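Trainee: when you get a sec, could you give me coordinates for this:
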Amino acid sequence: MKLAVSYAASTQHLPYFVKALQNCAVKEGETVLIHTDTESYPHYPAAFLGAARILDADVYILVHPVDVLEKGAIKAWQEADLVVDLSSEPHAYSDILREALNAGTRILRVGQPWDVMKRLFPTPELKKRVMAGGAIMEKGKTMRITSEGGTDLRISRNGRFTMKIWGGSDTPARWDIWPSGMVCCAPEEDSAEGTLVVSKGDVLLSMAHYVEDPITMSVRDGLIVEISGKGKDADLLKGWLAKSGHPDAYRIAHVGWGCNERAQWDRLAMHPRFGFATQDNEAFYGNMQIAFGSNYGIFPDGRTKCPSHIDFPCLRNSFWVDDVQVMDRGTFVRPELQ
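Mentor: Numbers count the residues shown, from 1 in each chain. This next block holds a predicted model:
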């Protein structure tokens, strides 16, 4: 992926950054904190600075070295109306994010290549679909996921907070991502039971890897207790999970589905500066997205804190919330989600 060299690059897309802040309900006189670091892409802070000035917000930029703790920044996050998180390492599962949300701060995470941000820019239609999906999930106590590949997994939501991620942080204590489009929750961490199969063509997101040989995982009391498969992918996943050295690396973190019809499944790649995969697969329309590892931070009721987190965006899965079928083999069956 190419990144712009000229600092003038931040000016040519300024209307998008203004609209992004409007999606976050930024008003005249509000405090907007742009948080970046010494390894972040430098053009986005400049663009957000200009956009916030256009909206007459009180805006400033906080820059920190990547190899130091950020305890000193927590108070700044708590006192801001909106934090735009542009850091090279996302704060999704961190104390600074959790404490800022507890203080009521709105947070927008931005860390994608410009072509992805533009192509997946949030629309009213996407927001409506995400909110409708979130309403379905919020009504349920249990979830079930199946696939022709062998997945049959039951999970308890039982009152857990539902995240409706559409690309704008417009209410207090809300975290969102530009770009995105998904519905998910952190289920009860010891509730998942059954079998999860990551089939050929599905994604090991933290490794930026399309699965070639199916991986079968036995899940008991919320934990992956066995991983098997005939090819190399099962061994790759075993090694990745083991290197964290933490037992909760195997614990279910969150589960949901993607809602963005403009996302492209074939755009999996590691961002050369930000160091993580692009947003297309997680937001991909009709994918079942499940993760294991840390979920403390963005989820107000998430309890797991560990040094790893891995997402599995998966195609052609069926999804139920209680007795309400949401997807049939990767196709939404509810009209409000189509």
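Trainee: tally up the residues packed near the nearest residue to residue 49 once chain neighbours are set aside, please.
Mentor: The shortest distance from residue 49 to any non-neighbouring residue, by CB to CB, 6 or more residues apart in numbering, is to residue 59 (5.9 Å). In this view, the C-beta of every residue, glycine as well, is placed from N, C-alpha and C. Burial of residue 59, expressed as a neighbour count using other CB atoms under 10 Å, amounts to 22.
Trainee: so residue 59 sits right up against residue 52, yeah?
Mentor: Yes. The pair residue 59 / residue 52 is scored as a contact, 3.6 Å apart, by CB atoms under 8 Å.
Trainee: which residues are in contact with each of the two?
Mentor: Shared contacts of residue 59 and residue 52 (CB atoms under 8 Å, 6 or more residues apart in numbering): 32, 34.
Trainee: what does the longest helix anywhere in the chain contact?
Mentor: Across the chain, the helix with the greatest residue count (assigned by DSSP state H) is helix 124-139. Contact with helix 124-139 is made by 143, 157, 162-168, 181-183, 185, 256-257, 259-260, 321-322, 324, 326, 334, 336-337, as judged by CB under 8 Å, 6+ apart.
Trainee: from those, list the buried ones, please.
Mentor: 143, 157, 162-168, 181-183, 185, 256-257, 259-260, 321, 326, 337 (16 or more other CB atoms under 10 Å).
Trainee: and the lowest-mean-pLDDT helix or strand in the chain, what does it pack onto?
Mentor: Least confident helix or strand of the chain, by mean pLDDT, DSSP states H and E, is helix 9-12 with a mean of 80. Using 3 or more CB pairs under 8 Å, 6 or more residues apart in numbering; DSSP states H and E as the contact criterion, the secondary-structure elements in contact with helix 9-12 are helix 43-54.
Trainee: where does the chain dip in pLDDT?
Mentor: Counting by pLDDT under 70, the low-confidence segments of the chain come to 1-5, 269-278.
Trainee: most remote residue from it's center?
Mentor: Seen from the C-alpha centroid of the chain, the residue lying at the greatest distance (CA atoms, centre = their mean) is residue 230, 30.1 Å away.
Trainee: can you tell me which residues contact it?
Mentor: By CB under 8 Å, 6+ apart, the residues touching residue 230 are 213-214.
Trainee: and stretch 210-228, how far out from the chain's middle?
Mentor: The chain centroid and the centroid of stretch 210-228 are separated by 21 Å under CA atoms, centre = their mean, to the nearest Å.
Trainee: swap that for stretch 22-29, please
Mentor: Going by CA atoms, centre = their mean, the spacing between the C-alpha centre of stretch 22-29 and its chain's C-alpha centre is 23 Å.
Trainee: please save the CA atoms from it in CSV.
Mentor: Provided in CSV are the C-alpha atoms of stretch 22-29 (Å, rounded to 0.1, in the frame of the first residue of the first chain):
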residue,chain,number,x,y,z
GLN,A,22,-19.6,15.9,12.2
ASN,A,23,-20.4,12.2,12.4
CYS,A,24,-19.0,12.5,15.9
ALA,A,25,-21.3,15.4,16.7
VAL,A,26,-18.4,17.9,17.2
LYS,A,27,-19.8,21.3,18.1
GLU,A,28,-18.3,24.8,18.4
GLY,A,29,-16.2,25.1,21.6
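Trainee: what about residue 23, neighbour count?
Mentor: 19.
Trainee: list phi and psi for it.
Mentor: Dihedral angles of residue 23 (phi, psi; degrees, to the nearest 10) stand at phi -60, psi -20.
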